[in-house]
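Novice: Need a 3D model of the following:
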Amino acid sequence: MTRFLANLKPSHSSSVFNHSHKIIAFPYSSQTTQPFQPKTFFKSNTKDTTLVPHLCNHKRFDEAIHILCQQNRLKEALQILHQIDKPSASVYSTLIQSCIKSRLLQQGKKVHQHIKLSGFVPGLFILNRLLEMYAKCDSLMDSQKLFDEMPERDLCSWNILISGYAKMGLLQEAKSLFDKMPERDNFSWTAMISGYVRHDRPNEALELFRMMKRSDNSKSNKFTVSSALAAAAAVPCLRIGKEIHGYIMRTGLDSDEVVWSALSDMYGKCGSIEEARHIFDKMVDRDIVTWTAMIDRYFQDGRRKEGFDLFADLLRSGIRPNEFTFSGVLNACANQTSEELGKKVHGYMTRVGFDPFSFAASALVHMYSKCGNMVSAERVFKETPQPDLFSWTSLIAGYAQNGQPDEAIRYFELLVKSGTQPDHITFVGVLSACAHAGLVDKGLDYFHSIKEQYGLTHTADHYACIIDLLARSGQFDEAENIISKMSMKPDKFLWASLLGGCRIHGNLKLAQRAAEALFEIEPENPATYVTLANIYATAGMWSEVAKIRKTMDDRGVVKKPGLSWIAIKRDVHVFLVGDDSHPKSKEINEFLGKLSKRMKEEGFVPDTNFVLHDVEDEQKEQNLSYHSEKLAVAFGIISTPEGTPIKVFKNLRTCVDCHTAIKFISKITNRKIIVRDSNRFHFFEDGHCSCRDYW
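Specialist: Just a heads-up that it's a prediction; the model follows:
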């Protein structure tokens with residue numbers, strides 16, 4: 001990690017651009033009956049506006065058309081075409097190629113029509129160009145019609161049409177043509193195999209690759225085997241991928257960087273990250289795409305340190321990261337809530353210059369929002385010239401998670417006014433804001449607008465959010481009414497939201513119903529058992545608590561231990577409940593003892609309602625005193641100078657007693673304390689929490 005931070009310095013390599021004029025010779029077909037020779041060479045970037053009129057005045061129409069096509073002035077080129085009595089194959093070829101390049105179907109049709117009316121008899125070369133134009137402009141009906149009308153066809157004709165069908169996902173039509181081909185080459189096989197891969201039919205791609213290997217006249221090239229490797233990665237099947245790797249070694253294709261890249265990608269997607277790295281290290285000319293893919297594999301596999309270390313290697317290599325690289329690294333920082341690393345990456349991006357229109361800017365907003373720094377998130381957002389929907393959604397969700405629901409709602413309304421259409425995820429953000437603030441009426445308005453105003457469908461996440469909002473507010477009748485009218489089966493998140501509301505309001509009957517549904521969906525999840533036991537404990541139903549504990553033992557369900565951690569000078573310190581393994585445990589406990597005495601003097605009363613043991617109140621208080629977040633907060637205070645903000649992370653939802661205690665601690669110690677639990681950020685300052693005790 002230190003290596004990663006140390007290397008966040010901009011590369012001093014610079015690019016040298018050659019500004020000399022590029023001389024272009026006009027291409028002429030070598031497949032027509034009479035070979036054509038270029039008459040003159042012209043500078044394609046000439047700014048002389050008199051040249052084309054001059055050429056036309058001297059009847060040099062062919063040359064004028066060539067220049068206009070080079071300058072992408074196709075409309076003018078077509079106007080000149082009508083002044084030529086007998087256009088040459090070269091002129092038609094140039095015009096068609098220009099249509100292909102810019103995907104201009106209507107202009108291409110005009111050229112084709114002119115060919116028909118001019119009396120020019122096109123050869124196979126021109127017909128194939130027309131065929132390619134229709135295929136690449138996605139007009140496969142015209143392409144098929146021309147193919148059927150062609151007096152003769154060559155291998156190129158078949159390949160063009162098959163490739164067009166395959167790219168459009170019309171694989172049945174492509175395969176039908178493929179089966180009728182009089183002969184096939186590497187392009188034919190690759191077009192079909194890559195078509196199957198592109199349209200999520202990898203098994204058929206692999207079967208076709210096996211057929212190709214059995215064919216006597218077929219020999220794979222780098223593109224064919226790369227497509228086959230992509231198919232193995234999509235399945236995913238490591239065994240098949242290794243078989244293709246062996247074939248590559250036997251056929252001598254293992255010297256190509258394209259193949260190496262595909263091999264590394266296959267091993268990574270098939271879960272063999274060590275093999276992927278081995279292939280990566282053997283590559284000589286690694287481009288930024290290859291670097292980014294390997295870095296992302298580490299992050300996706302949860303191996304963040306190795307991902308950051310490889311990113312540091314990339315910076316030292318002199319190859320400049322692109323927006324995909326920055327986005328992947330920033331998302332890893334967001335997932336790890338590692339704001340310090342994210343700031344370093346942001347600083348590097350600023351120094352080398354990054355495109356503020358790119359989605360790397362969106363990743364910055366997302367990273368700061370996930371790390372609880374809404375000031376920086378908003379600043380980056382406002383500096384983005386045209387924030388995309390991901391940026392808007394990250395900001396809205398960030399404010400919701402950081403206890404600022406009013407800001408979340410304000411930005412949602414600004415999003416709507418901007419003309420950007422919110423999507424399903426945006427609504428999850430604004431509904432969460434309403435749930436965290438108890439804004440029932442507004443939340444219901446947003447929920448109903450999803451279908452009525454925006455024409456979207458309600459997702460499981462939308463239902464979970466609205467049930468969370470209603471259950472937190474104790475409006476269980478309305479919650480049950482919505483559940484009964486759902487167009488889908490309630491999922492675990494919805495039932496968990498309902499169970500959480502029942503815990504707050506002590507709704508025992510509905511809690512049992514929600515718990516039973518959760519036991520069916522995910523019987524191995526300890527959170528359901530613990531929450532239901534908490535509800536029974538609050539009601540004093542200790543025999544029911546005991547039954548739940550026995551059920552957990554019988555089913556082998558183990559309660560997830562509360563875990564909190566805090567970073568001090570880049571070292572992460574982890575605490576468990578009642579943890580005395582830390583080198584400073586004695587000082588921590590002594591400090592907590594002093595705090596406890598002071599807190600009681602200030603009016604703090606321990607909340608023992610959710611302690612899951614039928615023991616005396618004094619013992620319950622003792623159990624609460626050493627919860628992991630209290631240990632982490634205490635360690636943070638004794639380890640940092642006065643006034644330093646404390647940031648603690650917890651893997652579970654913080655309990656009511658700890659929440660109340662940390663409010664008192666923030667006032668007594670005059671510290672700003674941030675606790676990120678499994679649900680949200682809590683900002684404690686001067687005896688208050690940003691969640692307003694509603695979480």
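Novice: and the closest residue to S220 other than its chain neighbours, how many residues sit next to it?
Specialist: Leaving aside its sequence neighbours, S220 sits nearest to T251 (CB to CB, 6 or more residues apart in numbering; 6.4 Å). C-beta here means a position set from N, CA and C on the backbone, and glycine is covered the same way. Applying other CB atoms under 10 Å, we find 13 residues neighbouring T251.
Novice: Quick check, pLDDT for T251.
Specialist: What the model reports as pLDDT for T251 is 88.
Novice: Could you do P561 as well?
Specialist: At P561, the predicted lDDT confidence score is 85.
Novice: try the one 3 residues further on
Specialist: Note on S564: pLDDT of 93.
Novice: same thing with the one 5 residues further on?
Specialist: K569 is assigned a pLDDT of 83 by the prediction.
Novice: what number of residues lie near G506?
Specialist: Neighbour count of G506, defined by other CB under 10 Å: 12.
Novice: wait, isn't it in contact with I535?
Specialist: Yes - assessed by CB atoms under 8 Å, G506 is found in contact with I535 at 6.8 Å.
Novice: one step back: my read is that the residue nearest to S220 contacts S218, right?
Specialist: No - contact criterion CB under 8 Å: T251 and S218 do not qualify, at 11.6 Å.
Novice: quick check: domain ranges of this structure?
Specialist: 47-182, 474-553, 562-687 (the TED database).
Novice: Rebuild the ones you listed as TSV, extending it with distance to S362.
Specialist: TSV is the format used below for the domains of the chain (distance: least, CB to CB, whole Å):
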stretch	distance to S362
domain 47-182	28
domain 474-553	25
domain 562-687	20
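Novice: between the ones you listed, which has the poorest average model confidence?
Specialist: domain 562-687 (a mean of 85).
Novice: Contact partners for K269?
Specialist: Residues near K269 by CB atoms under 8 Å, 6 or more residues apart in numbering: A233, A234, P236.
Novice: try it again with 10 Å
Specialist: Contacts for K269 were tallied using CB atoms under 10 Å, 6 or more residues apart in numbering; they are 229-230, 232-236, 238, 241, 276, 293, 297, 300.
Novice: can you check L652 too?
Specialist: Taking CB under 10 Å, 6+ apart as the test, what L652 contacts is 527, 530, 559-564, 627-629, 677-679.
Novice: Produce a ChimeraX select command limited to the buried residues of these.
Specialist: In ChimeraX, a selection of the buried entries from these looks like this (16 or more other CB atoms under 10 Å):
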select :527,530,562,563,564,627,628,629,677,679
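Novice: Mutual contacts of T251 and S218, please.
Specialist: With CB under 10 Å, 6+ apart, T251 and S218 have no common neighbours.
Novice: Could you check the pLDDT of T40?
Specialist: 36.
Novice: so where do the helices sit in the stretch 451-600 of the chain?
Specialist: In the stretch 451-600 of the chain, the helices defined using DSSP state H, counting those that start in this stretch lie at 460-472, 476-484, 492-505, 508-521, 526-538, 542-555, 585-601.
Novice: what helices or strands is the third one leaning on?
Specialist: The one in question is helix 492-505. helix 460-472, helix 476-484, helix 508-521, helix 526-538 (3 or more CB pairs under 10 Å, 6 or more residues apart in numbering; DSSP states H and E).
Novice: Give me the angle between it and helix 508-521.
Specialist: 150 degrees (axes from the mean of the first three to the mean of the last three CA atoms, to 10 degrees).
Novice: pLDDT below threshold where in the stretch 251-400 of the chain?
Specialist: Within the stretch 251-400 of the chain, no stretch has pLDDT under 70.
Novice: contacting residues for V259?
Specialist: 220-223, 225-226, 229, 244-245, 248, 253, 279, 283.
Novice: Filter those down to the ones in helices?
Specialist: Counting by DSSP state H, the contacts of V259 place K222, F223, V225, S226, L229, I244, H245, I248, I279 in helices.
Novice: wait, which of those is closest to G603?
Specialist: The closest of the ones in helices among the contacts of V259 to G603 turns out to be I279 (CB to CB; 64.3 Å).
Novice: For the closest one, which non-adjacent residue is spatially closest?
Specialist: Spatial nearest neighbour of I279, excluding adjacent residues (CB to CB, 6+ apart): S264 at 4.2 Å.
Novice: Would you check that that neighbour makes contact with D296?
Specialist: No - judged on CB atoms under 10 Å, S264 makes no contact with D296 at a distance of 11.7 Å.
Novice: ok, back up a step: now, of the helices of the stretch 451-600 of the chain, which is deepest in the fold?
Specialist: Stretch with highest mean neighbour count among the helices of the stretch 451-600 of the chain: helix 460-472 (a mean of 24; mean count of other CB atoms under 10 Å).
Novice: Extract the CA atoms of that helix and return them as PDB.
Specialist: What follows is helix 460-472 as a C-alpha-only set of coordinates in PDB (Å, rounded to 0.1, in the frame of the first residue of the first chain):
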ATOM      1  CA  ALA A 460     -37.500  -5.400  -5.500                       C
ATOM      2  CA  ASP A 461     -35.200  -2.600  -4.200                       C
ATOM      3  CA  HIS A 462     -38.000   0.000  -4.500                       C
ATOM      4  CA  TYR A 463     -40.300  -2.300  -2.500                       C
ATOM      5  CA  ALA A 464     -37.700  -2.900   0.200                       C
ATOM      6  CA  CYS A 465     -37.100   0.900   0.500                       C
ATOM      7  CA  ILE A 466     -40.800   1.800   0.900                       C
ATOM      8  CA  ILE A 467     -41.400  -1.100   3.400                       C
ATOM      9  CA  ASP A 468     -38.400   0.100   5.300                       C
ATOM     10  CA  LEU A 469     -39.800   3.700   5.400                       C
ATOM     11  CA  LEU A 470     -43.300   2.500   6.500                       C
ATOM     12  CA  ALA A 471     -42.000   0.000   9.000                       C
ATOM     13  CA  ARG A 472     -39.600   2.500  10.600                       C
END
